[in-house]
Every structure is written in structure tokens, then in C-alpha cells.
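> Build me a model:
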Amino acid sequence: MAFMNINTRLGSLFLLILFIDTAYSQAIKNAVPDAARPLPLSSVCVTGGPLKHTQDLNADYLLKLEPDLTL
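Below you'll find the model as predicted:
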């Protein structure tokens, strides 16, 4: 009997927390509008430096791999 009482109380507490969370959650608006916007990756081009070197190394490695045709 005491076990059911604990479950009932825990269930009621859970519903109360859920109600409070739902009642007070609202969409958050930015106080300051974003200055930067994401751009498509097709607009980005790596032309030199360490990032280009690493990109080339990765491409060479991937092209050297043999495909696994044992499906």
C-alpha cells in the first residue's frame, strides 16, 4: 500500500514539473540580432596554406584506398 502511495506522489510530482516547464517555456528571442549568417559550403574555397595541404593529403589517401566489393 505504501508503495502505491509513493508511485502516486512521484507521478503527481512529475506531472506538476511537466506542467510548470510547459507553462513557462517560451521562444527565446535574441536581444541583439545576428550579424553573421551561414553561407553554403559551395561558396567556400580553400586556396592555400595548411588547410589546403591537409585537404590534398586526405584526397590522395582516399583515392589510394581499394573499394570493398564483398557485399
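
> now the spatially most central residue of the chain: how far from Leu62?
In the chain, the residue lying closest to the centroid (C-alpha atoms, centre = their mean) is Pro38, at 15.6 Å. If you measure Pro38 against Leu62 using C-beta to C-beta, to the nearest Å, the figure is 26 Å. The C-beta positions use only the backbone N, C-alpha and C, and glycine is treated the same way.

> the helices in this structure, which residues?
In the chain, helices defined by DSSP state H lie at 2-24, 49-64, listed in chain order.

> what residues does the shortest one touch?
In this case it means helix 49-64. Residues external to helix 49-64 that are found in contact with it (C-beta atoms under 8 Å, 6 or more residues apart in numbering): Val46.

> can we see that at 10 Å?
45-46 (C-beta atoms under 10 Å, 6 or more residues apart in numbering).

> ok now it, how far from the chain's centre?
Helix 49-64 has its C-alpha centroid displaced from the chain centroid by 27 Å (C-alpha atoms, centre = their mean, to the nearest Å).

> CA-only coordinates of that helix, as PDB, when you get a sec.
Output of helix 49-64 as PDB, limited to C-alpha atoms (Å, rounded to 0.1, in the frame of the first residue of the first chain):
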ATOM      1  CA  GLY A  49      48.100  27.200 -46.600                       C
ATOM      2  CA  PRO A  50      48.000  24.300 -44.100                       C
ATOM      3  CA  LEU A  51      44.300  23.600 -44.700                       C
ATOM      4  CA  LYS A  52      44.700  23.100 -48.400                       C
ATOM      5  CA  HIS A  53      47.800  20.900 -47.800                       C
ATOM      6  CA  THR A  54      45.800  18.700 -45.400                       C
ATOM      7  CA  GLN A  55      42.800  18.600 -47.800                       C
ATOM      8  CA  ASP A  56      45.200  17.400 -50.600                       C
ATOM      9  CA  LEU A  57      46.700  14.800 -48.300                       C
ATOM     10  CA  ASN A  58      43.300  13.500 -47.400                       C
ATOM     11  CA  ALA A  59      42.200  13.300 -51.000                       C
ATOM     12  CA  ASP A  60      45.400  11.400 -52.000                       C
ATOM     13  CA  TYR A  61      44.800   8.900 -49.200                       C
ATOM     14  CA  LEU A  62      41.200   8.300 -50.100                       C
ATOM     15  CA  LEU A  63      42.000   7.800 -53.700                       C
ATOM     16  CA  LYS A  64      44.600   5.100 -52.900                       C
END
